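Student: kindly return the folded structure for what I paste below:
(chains A and B, ligands or ions: 2)
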Amino acid sequence: MAAPGLDRGYERHGVNKMSDSIYVENLAKSFEKIEAVAGISFTVRQGELFGFLGPNGAGKTTTINMLTGLARPDTGSIHIGGIDCTNRAKAAQHLIGVVPDESNLYPELTGFENLCFCAALYGMRKPERQTRARELMDVFDLTPAADRKFAGYSKGMKRKLTIAAGIIHRPSILFLDEPTTGIDVASARQLRQLIADLHREGTTLFLTTHYIEEAERLCGRVAFIVAGRIVRIDTVEHLVQPVQAKHVVQIACNVPINGILKKLSAAFPDSMFSAAGKDRIRVEADQPIRVGELVRFLEDQGAEVFEARRMRPSLEDVFVQITGIEADDMRREKGKRGGTT
Amino acid sequence: MKRWIAFWNILLKDMRTYYLKPPNISWGLIFPLAWTAMFFIKSGSGLESISSILPGVIALSILFGTTSLLAVTVTFEKKNRSFERLMLAPIPLELLMLAKTSGAILFGVVNAFVPVIMALFLADLSRVAWGAFAPAVFLIAVASTFLGLFIAVAVSEVFEAQTFSNFFRFPMIFLCGLFFPINNLPAFLKPIAYALPLTYGADVLHGAVHGEHTLPIAVDLSILGIFCIGLFAASLRNIKRKWIS
Ligand SMILES: Nc1ncnc2c1ncn2[C@@H]1O[C@H](COP(=O)(O)OP(=O)(O)OP(=O)(O)O)[C@@H](O)[C@H]1O
Ligand SMILES: [Mg+2]
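Tutor: Numbers count the residues shown, from 1 in each chain, chains lettered A, B, ... in the order given. Ligands and ions are numbered 1, 2, ... in the order given. Modelled structure (predicted):
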């Protein structure tokens, strides 16, 4: 069982391994000496959009692999759509769709052929496969490239086709491993729209990401996973509530930040000061912040203030608070990734 | 029904993308030709020696045709991760692996008939016992495909699969009684000969083509069948153990 109070999105007593889409208990897996997943428990209800948020190497992909039948857990149990598939990897595979973190389609087939082939794997008949493949090519703006070999696709096109292949058989539960990593801003936005649409149509979604904003925008509930452990599960709403009451301001100025923080703390004891980047000061307080006084103080210290901006507290702040991992570090982790607008 | 749609499409895709490619087709044609020519020259005899050479050439065509393909359809796809897609499909692993191998089996059977057709023009094949010949060709194709599968699953790189299968294939040319009777082998090599599936297949082919064989045909075919089942089961076990780790 999860530690008391950990799975707080809904009451754990309402959890039912027979009716929930995903029910995981005490799942663990090690690779030689590395404990990739260290005994996690969670549930995803039917129709929910569940986010699995964590830094590189946290165990996100390993978890998906165990849930989808590509890896065998060391301990723990898994129910998918009410079916116990702990030691029967194949038992629930007809219910699920998987979008892996890397494209695994056939380079020598065209985009269209790839989709038709994937549909055939789920037993779809030829006319149905072709209609569905065309429909998805269209949804993902890939129709002009339909007859080109997958090997010649750009990275973003590959990503889109991989997602199309994951939903071609209209799975009721969809696993997405970092779907927006490595694609441009417009495509990422389009993709999030698509995820939201699938959610609205009733698909249960399990989404891993290290974009905190993405999780905040899309997901109903999120789990923070760090070093193979779930440190917190809750609805986004519950998670941001305590920080939402806070007042946060960011000030951009040209002084050595570390030196000035101490002075600020001494002068304004009711506020909390921290560095937010190399020329930004973050101010947090329970009361509205009187920016004028702050700016005057900084100017008295010889600083030139460029900008003072009120920040809306977000899931990012909660994540930093709970995990101790700086959001910037998460963001930097995959340098090649796409935007999050 | 659904799983047969999957089965058929996996088979079809492999045939289109791998088997019907010019390199494979020409390999299937040139190889038997080259072997036939070589043994002709070597034996220095006339056309009457064809029936004694034919079984060996057929067996080799099947062996080389099938084993090299598994390195592509299995090892290569495992390496570039497209195999994961197949593992995620809701079809039993046994059926999936049968789909991945039946193309190679078919290719092996077709390959076997290339030397037969060439021999038809050169020699009198009217005395061939096709009733024994056909099951032997089929079982040799199955056994060598599954041997290829066993190797393909045991390694992780395509070149390893090639190297490793040569390790089996080349000794088999000499040890399995294809061209030189097993009785002429040194005593210490005989047990090895009888541990190789091709020995039994070649024995049936010799019997079917020119009447000389060592073991009863039914025994040969049964042992070959057992090899097929054993190799397939061992490959599946390895996949479950190593790939779903
Ligand atoms: N096949 C494997 N062999 C050995 N170690 C592995 C293997 N797969 C994963 N690991 C290790 O397990 C840990 C968790 O890896 P995992 O891929 O699940 O992380 P992740 O959260 O998906 O990270 P990322 O954001 O980079 O995708 C890492 O330390 C990784 O090195
Ligand atoms: Mg990952």
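Student: show me where pLDDT drops low in chain B?
Tutor: Within chain B, the segments meeting pLDDT under 70 span B:24-29, B:32, B:36, B:39-40, B:42-48.
Student: got the residues of the stretch 101-250 of chain A near ligand 2?
Tutor: Residues of the stretch 101-250 of chain A lying close to ligand 2 by C-beta under 5 Å from the ion are A:D101. (Glycine included, C-beta is placed from N, CA and C.)
Student: and the strands in the stretch 101-250 of chain A?
Tutor: A:173-177, A:204-209, A:221-226, A:229-235, A:247-253 (DSSP state E, counting those that start in this stretch).
Student: of those strands, which shows the lowest average pLDDT?
Tutor: Mean pLDDT is lowest for strand A:247-253 out of the strands of the stretch 101-250 of chain A, coming in at a mean of 87.
Student: A:L264 touches A:F273, doesn't it?
Tutor: Yes: look at A:L264 against A:F273 with C-beta atoms under 8 Å: they come within range, at 4.6 Å.
Student: spit out the residues that contact those two alike.
Tutor: Taking C-beta atoms under 8 Å, 6 or more residues apart in numbering or on different chains as the contact rule, A:L264 and A:F273 both touch A:I281.
Student: which parts of chain B are helices?
Tutor: B:2-14, B:22-43, B:50-70, B:77-79, B:82-88, B:93-122, B:130-154, B:158-175, B:190-194, B:197-210, B:217-238 (DSSP state H).
Student: now the last one - C-alpha only, PDB.
Tutor: I take that to be helix B:217-238. C-alpha atoms of helix B:217-238 as PDB (Å, rounded to 0.1, in the frame of the first residue of the first chain):
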ATOM      1  CA  ILE B 217      13.100 -42.600 -42.900                       C
ATOM      2  CA  ALA B 218      10.400 -42.400 -40.300                       C
ATOM      3  CA  VAL B 219      13.000 -42.300 -37.500                       C
ATOM      4  CA  ASP B 220      14.900 -39.600 -39.400                       C
ATOM      5  CA  LEU B 221      11.800 -37.400 -39.800                       C
ATOM      6  CA  SER B 222      10.800 -37.900 -36.200                       C
ATOM      7  CA  ILE B 223      14.100 -36.900 -34.800                       C
ATOM      8  CA  LEU B 224      14.100 -33.900 -37.100                       C
ATOM      9  CA  GLY B 225      10.700 -33.000 -35.800                       C
ATOM     10  CA  ILE B 226      11.900 -33.200 -32.200                       C
ATOM     11  CA  PHE B 227      14.800 -30.900 -33.100                       C
ATOM     12  CA  CYS B 228      12.300 -28.400 -34.500                       C
ATOM     13  CA  ILE B 229      10.200 -28.400 -31.400                       C
ATOM     14  CA  GLY B 230      13.200 -28.300 -29.100                       C
ATOM     15  CA  LEU B 231      14.800 -25.400 -30.900                       C
ATOM     16  CA  PHE B 232      11.600 -23.400 -31.000                       C
ATOM     17  CA  ALA B 233      10.900 -24.000 -27.300                       C
ATOM     18  CA  ALA B 234      14.400 -23.000 -26.400                       C
ATOM     19  CA  SER B 235      14.200 -19.800 -28.400                       C
ATOM     20  CA  LEU B 236      10.900 -18.900 -26.800                       C
ATOM     21  CA  ARG B 237      12.300 -19.500 -23.400                       C
ATOM     22  CA  ASN B 238      15.300 -17.300 -24.200                       C
END
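Student: check contacts around A:T162.
Tutor: With contact set as C-beta under 8 Å, 6+ apart, A:T162 has these partners: A:V99, A:P100, A:S103, A:N104, A:L105.
Student: point out where chain A drops to low pLDDT.
Tutor: For chain A, the stretches with pLDDT under 70 are A:1-18, A:326-341.
Student: what count of nearby residues applies to residue 209?
Tutor: Just so you know, I chose chain A. By other C-beta atoms under 10 Å in any protein chain shown, 24 other residues sit near A:T209.
Student: switch to chain B, that's the one I care about
Tutor: Around B:V209 there are 27 residues (other C-beta under 10 Å).
Student: is it correct that it is in contact with B:S126?
Tutor: No: in this structure, B:V209 is not within contact of B:S126 by C-beta under 8 Å, at 11.5 Å.
Student: burial measure for the residue nearest to B:L189 when sequence neighbours are not counted, as a count.
Tutor: Distances taken as C-beta to C-beta, 6 or more residues apart in numbering or on different chains place B:L175 nearest to B:L189, at 6.3 Å, with adjacent residues excluded. Other residues within reach of B:L175, judged by other C-beta under 10 Å, total 20.
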